[in-house]
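# structure of the sequence below:
(chains A and B)
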2 protein chains.
Amino acid sequence: MLSNNRSRRSGGRRRAQSEAANPLRETRYKQLRHPFQPQSIFSEDEVANIHQTALRVLEDLGIKVLLPEAREIFRTAGARVKDDMVFIGRDIVAAALKTAPAAIRLRAANPAREQIYETGAMLFMAGAGCPNATDLKRGRRAGDLQAFVETLKLAQTYDVIHMLGPCVEPQDVPIQFRHYEMMRAQLVHCDKPMFVYARGSAQVSESFEMIRKALSLSEGDFTDGVWATTVINSNSPRMLDIPMAQGLIDFARAGQMSIITPFCLAGAMAPITVAGALTLQHAEALTGIALAQLSRSGAPISYGGFSSNVDMKSGAPAFGTPEHVKMQIGAGQLARYIGLPWRSATGAASNTADMQAATETNMALWGAAMANATLTVHAAGWLEGGLSFGYEKFINDIEALQTMAELCTKPLGSDAEIGFDALAEVDPGGHFFATQHTMDRYQSAFYAPLVSDLTNFGAWSEAGAQTSTQRATEIWTKDLAQFQNPTHGASADERLAPFIETRKQQGGAYPQG
Amino acid sequence: MLSNNRSRRSGGRRRAQSEAANPLRETRYKQLRHPFQPQSIFSEDEVANIHQTALRVLEDLGIKVLLPEAREIFRTAGARVKDDMVFIGRDIVAAALKTAPAAIRLRAANPAREQIYETGAMLFMAGAGCPNATDLKRGRRAGDLQAFVETLKLAQTYDVIHMLGPCVEPQDVPIQFRHYEMMRAQLVHCDKPMFVYARGSAQVSESFEMIRKALSLSEGDFTDGVWATTVINSNSPRMLDIPMAQGLIDFARAGQMSIITPFCLAGAMAPITVAGALTLQHAEALTGIALAQLSRSGAPISYGGFSSNVDMKSGAPAFGTPEHVKMQIGAGQLARYIGLPWRSATGAASNTADMQAATETNMALWGAAMANATLTVHAAGWLEGGLSFGYEKFINDIEALQTMAELCTKPLGSDAEIGFDALAEVDPGGHFFATQHTMDRYQSAFYAPLVSDLTNFGAWSEAGAQTSTQRATEIWTKDLAQFQNPTHGASADERLAPFIETRKQQGGAYPQG
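Residues are numbered from 1 along each chain as shown, chains lettered A, B, ... in the order given. A predicted model of the protein is given here:
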């Protein structure tokens, strides 16, 4: 198609002339706003009904709260507490929704990576919490520190990943030392908003301390915005366990962000209907929001949901299904109803980086877009319903995320862009390669694919007939080989080393629960 | 997850009781309406500006029309004609847009397969026009009649494919006889709205005659709605060739539908900008609409566009890119601006059924949804930018289309669906398997995947660790083995046989051009 000699020659001349006025394409994926209007699956009355039913669940059926301190907080606020059941009145919920902030500043070692976490913003986090890692070079293996660090570096590499997450669980690090390595890796290799697991007060407070030390933050600096985010999962149905309740309290008091995420599987741990599963999700999320606000008024929290259905054949969680997408859109309506930013998730049940994996993830990515999710977790790399992080899957998912990010920039419709003169310049049946309109823009007009191969079948076959999954191996390998720590990395490492050494000698900190 | 014995036993009992009240899931994919609001990338002023510039292109720059009869039609209507250039005044376009119908009834051998082709409807056609076919059993080969018939049967098998198309070119059938076999296959094996190639008046009129014969339609029956649809591609930029112009005239006069589809590749045969490529697309589409309406006022036509960008490295057409999606959404705005139903397309440049292929196709599928395209062509099976039809790709794409089709049904938000009683019935930390709410719905609550495998890694590995592409082979093989002709097939075959035999003896009909 570009082989017409005459045009290429004349194009070459013009190309040289216009090079200066034709800058290379810049990508702007660091801060994104949703390009699409949020959609609805429920009527306004139905949304109100779901909300009211969730309030009734909290008041009449109650929530089992395993942490005595959390029950005490609820009791002090006027909730009825009977044994480990807490019955939360709608006045408590209403008050919490008034003090929960609608916009949260996420701080980062690099100010250019900061985010405003609010309705309309579009943030992505890579696949998180995977006990296994898999790639085509080394196969599938239990997650270890090497995989944790490698996947973190990959998440750092791509601007379209906005928040760090624990992609792979470093199971070769003893559990009482694990948070040291997870924080060290984030603070040394990365400069994006960080993740801290809520595995008990001891680990959480040490993690916060590491952030302050590594980045030389005062207490005041640390509470000026959010430096650490955690995910709080309720145990559906209607239960909040000890580390999760403790995490909500600790993060709230420290001014750090909890993303409250019931994992409601319709047909298993939640009612089988979209409306029923969302009602349970909503009730549990409101419980977390209330506990955080009662712990500290104005505490930064995110509404969240990760509701999907189970496969009725295997009982396994399903992702990217019609029911999942509907629950995403419905959850978005509920988040708008209570006026809070919220997190959704993509995901894939597929066991390998194939068309199923892509379609599951892409469908849920668009579901999150239709729902205007503030944060979409598991957006790259998730396989096996989260049991495995796939390096090649990650690279292929980044292509989809970058495509979505590109859609955030609307094209121009000015006379210059329309280019009547270019249309006049080219005869019927001709081509536009050599027009000034093309010359001025050819370096920046189009998104440059990451892993997609657009060569023809012959050239592709000669190059080894590789799938995009196979090609991705070279990309992540190169990303890791070329990886460089951010400028603050070395000093952070130096500041952390003695702290970690001392703490390890003292026996570390065990999880709570 | 479903292994709790107590629950399964009690579930079993209840299951038997509620079986009668719990019908199997019915899919309703035959007629679909868009579930999402159409989106915009251009302001209203910009859309008007693109439309006005397209009118200026037609008036001032003109269109090269190679068919003398078509030039004569334009001249008679008042257009300025100079040599083979036609300059079309905006009054001609305005008159054409007034008479072009906004809703078109697509007839089918089976009335249950009929469609109303109008804004808001959501129709899919499988990948069309591929010179090659490929599958994992037989590899990649030149398209032949066997592949044409097989892929047609696959398109007939799935309700989510609404219109037939020429998936694979049957190159082993001599060109003068090819339309006989293409029509015979559609009329004998299928009962959905049919496709006829515009390869000259002789083949077109014989194809129409075959439809009338096979289905015993009178002339009046045949023109009562649309029995045959064709795709008209302009030769961008600004040229309409002989068979395409002839097709527009012939289909219009016969009351059959032309889908007018400029194929504008930004950066090659069209301006490099989204706005510029769409301006050219719009001008060419308006030319086709005008010619059809001048040939017969009220002729059924569809606005259309298949604009995308070229890969700046290889010059190859790209699909599912950000630019492609933007052009889809912009084209949707232009279709709404002129008040006509329209066709878009998905597609994949990938050479094999991998994650790239899925992501390209899924992105463009959602682009078509965001643009509320009436018809989305190439929605399943397209590979290599249309140079190959992939059987396994087709099956995997059907999964995505069925997911989209499921989204057309909104979930209920009634009290019964929310299921407060079910929520009350299950203790904290329990499960919903055995609730009446679940029992009443478990057979129909969730979409049943076609090719997605949700088993765990161990079971999947033991079963051969197949990708969804590999699993798809068994599905299409079974589909073809179990395929049955519709009830009218045998009689259609009998009615057509003598006609085709006679025509073949007379030498057939060669394409025009």
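
# for the rest of this, base every contact and every neighbour count on C-alpha atoms.
Noted.

# straight-line length of stretch A:113-127, end to end?
End-to-end span of stretch A:113-127 (CA to CA, to the nearest Å): 19 Å.

# kindly report the same for stretch A:369-376.
Stretch A:369-376 has an end-to-end distance of 9 Å (CA to CA).

# got the contact list for it?
Applying CA atoms under 8 Å, 6 or more residues apart in numbering or on different chains, the contact partners of stretch A:369-376 are A:34, A:36-40, A:117-125, A:328-333, A:341-346, A:365, A:368.

# what do you get for stretch A:482-499?
Residues outside stretch A:482-499 that contact it (CA under 8 Å, 6+ apart): A:109, A:153, A:157, A:184, A:187-191, A:210, A:213-215.

# how far off centre is it?
Computed by CA atoms, centre = their mean, to the nearest Å, the chain-centroid distance of stretch A:482-499 equals 24 Å.

# contact partners for residue A:90?
A:55, A:58, A:59.

# can you tell me the closest non-neighbouring residue to the first one?
In space, not counting the residues next to it along the chain, residue A:55 is nearest to residue A:90; the distance is 6.0 Å by CA to CA, 6 or more residues apart in numbering or on different chains.

# what of the second one?
The spatial neighbour of residue A:58 that comes closest, neighbours along the chain excluded (CA to CA, 6+ apart), is residue A:88 at 5.2 Å.

# and the gap between residue A:94 and chain B?
21 Å (CA to the nearest CA, to the nearest Å).

# can you report how many residues neighbour that residue?
For residue A:94, the count of nearby residues is 14 (other CA atoms under 10 Å in any protein chain shown).

# longest helix of chain A, counting residues only.
Ranked by residue count and defined by DSSP state H, the top helix of chain A is helix A:274-295.

# does it reach chain B?
Yes - Helix A:274-295 reaches chain B (CA under 8 Å from any CA of the partner chain) through A:274, A:275, A:276, A:277, A:279, A:280.

# out of those, which is nearest to chain B?
residue A:276 (4.0 Å; CA to the nearest CA).

# show me what contacts the closest one?
A:266, A:270, B:417, B:418, B:419, B:420.

# how near is the closest residue in space to residue A:215 that isn't next to it in sequence to residue A:210?
Setting aside the residues directly before and after it, residue A:215 is nearest to residue A:492 in space (CA to CA, 6+ apart), at 6.4 Å. Using CA to CA, we find residue A:492 at a distance of 9 Å from residue A:210.

# look at the two and report which has more neighbours.
When residue A:492 and residue A:210 are compared for neighbours, residue A:210 comes out ahead with 24 against 21, by other CA under 10 Å.

# before we move on, back to that, the residue nearest to residue A:58 contacts residue A:62, correct?
Yes - using CA atoms under 8 Å, residue A:88 is in contact with residue A:62, at 6.7 Å.

# quick revisit: closest to residue B:96 out of the contacts of residue A:276?
Closest approach between those and residue B:96, by CA to CA: residue B:417, at 49.2 Å.

# what number of residues lie near that closest one?
With other CA under 10 Å as criterion, residue B:417 counts 19.

# what about it, which SS state?
Of the three states, residue B:417 takes helix according to DSSP: H, G, I helix; E, B strand; the rest coil.

# tell me who's in contact with the closest residue to residue A:244 other than its chain neighbours.
Distance criterion CA to CA, 6+ apart; nearest residue to residue A:244, sequence neighbours excluded, is residue A:232 at 5.6 Å. Shown in contact with residue A:232 (CA under 8 Å, 6+ apart): A:198, A:244, A:247, A:248, A:258, A:259, A:260, A:261, A:262.

# excluding its backbone neighbours, what's nearest residue A:170?
Computed as CA to CA, 6+ apart, the closest residue to residue A:170 that is not its neighbour in sequence is residue A:144, at 3.8 Å.

# ignore what I typed, I meant residue A:67.
The shortest distance from residue A:67 to any non-neighbouring residue, by CA to CA, 6+ apart, is to residue A:242 (4.8 Å).

# likewise residue A:329?
Among residues not flanking residue A:329 along the chain, residue A:371 sits closest, at 4.4 Å (CA to CA, 6+ apart).

# quick revisit: now, the most widely separated pair of the contacts of residue A:276?
A:266 and B:420 (14.2 Å).

# more crowded one of those two?
The residue with more neighbours, out of residue A:266 and residue B:420, is residue A:266; 32 against 21, by other CA under 10 Å.

# just the contacts of residue A:232 now: which is nearest residue B:354?
Checking the contacts of residue A:232 one by one against residue B:354 (CA to CA), the nearest turns out to be residue A:261, at 32.0 Å.

# am I right that that closest one is in contact with residue A:234?
Yes - in this structure, residue A:261 is within contact of residue A:234 by CA under 8 Å, at 6.8 Å.

# any idea which residue is closest to the centre of chain A?
Centroid-nearest residue in chain A, with CA atoms, centre = their mean: residue A:125, separated by 2.4 Å.

# for residue B:153, see how far away that one is.
Relative to residue B:153, and taking CA to CA, residue A:125 is found at 42 Å.

# re the thing from before, so what's the residue count around the residue nearest to residue A:170?
A count of nearby residues for residue A:144, using other CA under 10 Å, gives 18.

# how about residue A:235: what's its closest non-neighbour residue?
Nearest one to residue A:235, counting by CA to CA, 6+ apart, is residue B:429 at 6.4 Å.

# who are the contact partners of that neighbour?
Here residue B:429 is in contact with A:235, A:236, A:237, A:238, A:239, A:269 (CA under 8 Å, 6+ apart).

# so which of those are in strands?
Of the positions in the contacts of residue B:429, residue A:239 sit in strands, assigned by DSSP state E.

# in JSON lines: the contacts of residue B:429, plus pLDDT and distance to residue B:29.
Below are these laid out as JSON lines (pLDDT from 0 to 100; distance: CA to CA, whole Å):
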{"residue": "A:235", "pLDDT": "94", "distance to residue B:29": "37"}
{"residue": "A:236", "pLDDT": "95", "distance to residue B:29": "34"}
{"residue": "A:237", "pLDDT": "97", "distance to residue B:29": "34"}
{"residue": "A:238", "pLDDT": "98", "distance to residue B:29": "37"}
{"residue": "A:239", "pLDDT": "97", "distance to residue B:29": "39"}
{"residue": "A:269", "pLDDT": "94", "distance to residue B:29": "30"}
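
# kindly report the residues of the stretch 201-350 of chain A close to chain B.
When proximity is defined by CA under 8 Å from any CA, the stretch 201-350 of chain A lies next to chain B at A:235-239, A:267-277, A:279-280, A:309, A:311-312, A:314-318, A:321-323, A:325-326, A:349-350.

# rewinding a little: how many neighbours does the residue nearest to residue A:58 have?
27.

# and it, its phi and psi?
Torsion angles at residue A:88 (phi, psi; degrees, to the nearest 10) stand at phi -100, psi 120.
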